[in-house]
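Student: Predicted model follows, preceded by the sequence.
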Amino acid sequence: MAICKRKIIIHTLLSALLIFIITYPSNANITFEKLENKTVSVLDFFLLKLETTLIKRAQYLRRQLLVSRVQYSNINIQVEYDEKKEQIFINMYATMDRHRYRKKNYKQKLSDCNQVRNLIFYKKSGYRFFTQKRDPMLSQGAMEDIFKNVFFHNLKFNEKEIEFLLDKMFVDVTILHPIRKTELSCYGKVNDYELK
């Protein structure tokens with residue numbers, strides 16, 4: 001008799017559990033419903049797009065077949081928003097190619113910093129091939145136009161908001177020499193003609 005009551009209780013519990021599983025919405029639906037209802041700020045979305053685009057464009061700094069600038073083996077990029085200062089900081093770390101600069105006695109220059117920024121942001125070195133002097137074709141106005149077309153594309157920012165963001169974006173480029181263990185940093189706004 002006691003065994004029979006246990007079987008009935010177990011059968012009832014299993015039936016209730018089965019009915020609960022069948023009628024209760026799946027956890028996947030609840031998760032997707034919750035995710036659909038969450039909102040992301042336009043600033044967060046812009047920062048994610050900016051960092052993702054910069055990481056993709058960092059491939060331009062990889063080795064060249066015909067060497068016309070410093071060669072890099074590793075590029076790291078971080079985009080951070082400082083709420084207290086209300087500024088966006090883009091940190092770029094470019095490590096020179098170990099194999100190429102093992103025997104060469106090369107010291108990093110300010111123009112190398114500017115070229116790293118220019119190639120990643122604007123796909124142009126900003127320096128003339130033979131003289132390595134600043135090329136006026138990549139002016140501050142041209143840099144702003146390229147930046148707006150690439151990084152604000154498909155975003156609903158008006159011109160005033162774009163100008164505000166450009167004024168609040170700073171870039172810090174650090175070039176690391178893997179053999180001599182030296183580094184050179186330059187800093188400025190993303191659209192400054194030359195970083196300092």
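Tutor: Looks like it came in fine. Residues are numbered from 1 along each chain as shown.
Student: M137 - how many residues pack around it?
Tutor: A total of 9 residues lie near M137 under the criterion other CB atoms under 10 Å. For every residue, glycine as well, the C-beta is placed using N, CA and C.
Student: typo on my end, it should be D192
Tutor: D192: 16 neighbours (other CB under 10 Å).
Student: Y127 now?
Tutor: 19.
Student: What of L155?
Tutor: 12.
Student: give the contact list for it.
Tutor: 42, 45-46, 49 (CB atoms under 8 Å, 6 or more residues apart in numbering).
Student: Identify the residue nearest the residue most central in space within the chain in space, chain neighbours excluded?
Tutor: The centre of the chain sits closest to E51, judged by CA atoms, centre = their mean, with a distance of 1.7 Å. In space, and not counting its chain neighbours, E51 is closest to V79: 4.0 Å by CB to CB, 6 or more residues apart in numbering.
Student: Likewise for D192?
Tutor: Q140 (7.2 Å).
Student: Got phi/psi on that neighbour?
Tutor: Note on Q140: its backbone torsions stand at phi -60, psi -40 [degrees, to the nearest 10].
Student: and what of N91?
Tutor: According to degrees, to the nearest 10, N91 has phi -100, psi 130.
Student: Repeat that for I175.
Tutor: phi -110, psi 120.
Student: ok so Y93 is a strand residue?
Tutor: Yes: the assignment for Y93 is a strand, going by DSSP: H, G, I helix; E, B strand; the rest coil.
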